[in-house]
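Asker: output the structure for:
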Amino acid sequence: MEKTNKPDPDFLNHFSVEPLTIANWSKFVRLFGENGACGNCWCMYYRLNKAAYLEGKADGGNKAAMYQLVKEHRPTGMLAFIEDEPVAWCALAPREHFTRLEKSRVHKRIDEKQVWSIPCFFVAKKYRRAGLTLALLNGVIGYAKKNCIPVLEAYPTVPTTSQLPDSFLWIGLYKTFERAGFEIVNRRSKNRPMVRYDISRNKNSN
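Answerer: Purely as a prediction, here's the structure:
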């Protein structure tokens with residue numbers, strides 16, 4: 001019988017999320033693979049200025065920089081697992097940890113609330129377009145509630161076409177955030193709204 005690359009339809013029954021730590025670093029590396037998720041990014045795109053980021057793509061610096069953050073016990077993001085297999089990732093940290101966000105004109109701060117940002121995702125190819133990003137977001141919300149994170153913020157895309165290439169999904173789709181309970185709080189960009197999930201207003205949801 002020919003093997004299929006599609007996930008088991010009941011995979012969410014074995015789904016879990018946890019923060020990236022030294023203990024699961026090797027699984028993070030396994031998920032990101034030789035290309036560091038995409039072009040040796042290693043989820044450092046938003047954390048570094050342009051020059052440092054580009055240099056790190058060429059000399060392994062981005063991977064080393066991410067490892068250093070984890071080694072210092074700084075929040076970096078959440079890993080998703082199906083049983084023991086790493087299948088997805090999303091960046092998650094206080095907004096001020098993401099240099100490019102803080103300097104963004106389109107997504108500049110709208111207030112002084114303590115915000116944790118979710119600027120990007122990476123999903124293993126086998127599990128793309130299978131509902132896993134929504135499950136990961138729900139896991140992040142649960143983690144935020146347990147760890148007194150007051151507000152989650154993200155900057156997803158509103159597609160202009162029905163067939164969006166996988167390469168555009170790394171910032172997440174607005175409709176997925178909407179399903180998770182996020183609300184638009186700023187629309188300076190028509191196709192990249194700022195959305196938030198206010199934990200204090202949604203204590204009893206999810």
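Asker: switch to C-alpha atoms for all contacts and neighbour counts from now on
Answerer: OK.
Asker: pull up the per-residue confidence for residue 165.
Answerer: Predicted confidence (pLDDT) for residue 165: 56.
Asker: oh sorry, the question was meant for residue 129
Answerer: Per-residue pLDDT puts residue 129 at 81.
Asker: host element of it?
Answerer: Residue 129 belongs to no helix or strand when assigned by DSSP states H and E.
Asker: which stretches of the chain form helices?
Answerer: 25-32, 50-59, 61-71, 99-102, 132-146, 174-180 (DSSP state H).
Asker: what's the angle between the third one and helix 50-59?
Answerer: Going back to what we said before, that points to helix 61-71. 100 degrees (axes from the mean of the first three to the mean of the last three C-alpha atoms, to 10 degrees).
Asker: show me the contacts for the residue nearest the centre of the chain.
Answerer: Centroid check for the chain by C-alpha atoms, centre = their mean gives residue 90 as the closest residue, at 2.1 Å. Listed by C-alpha atoms under 8 Å, 6 or more residues apart in numbering, the contact partners of residue 90 are 77-79, 118-122, 136.
Asker: low-confidence bits of this protein, can you list those?
Answerer: Within the chain, the stretches with pLDDT under 70 are 1-9, 161-168, 203-206.
Asker: separation between residue 182 and residue 155?
Answerer: Separation of residue 182 from residue 155 (C-alpha to C-alpha, to the nearest Å): 11 Å.
Asker: higher neighbour count, those two?
Answerer: Neighbours of residue 182 and residue 155, each counted by other C-alpha atoms under 10 Å, are more numerous for residue 155; the result is 27 against 20.
Asker: run a quick neighbour tally on the residue lying closest to the more buried one once chain neighbours are set aside.
Answerer: The shortest distance from residue 155 to any non-neighbouring residue, by C-alpha to C-alpha, 6 or more residues apart in numbering, is to residue 194 (4.8 Å). Neighbourhood size, residue 194 [other C-alpha under 10 Å]: 25.
Asker: which strand residues bridge residue 194?
Answerer: residue 186 (DSSP bridges).
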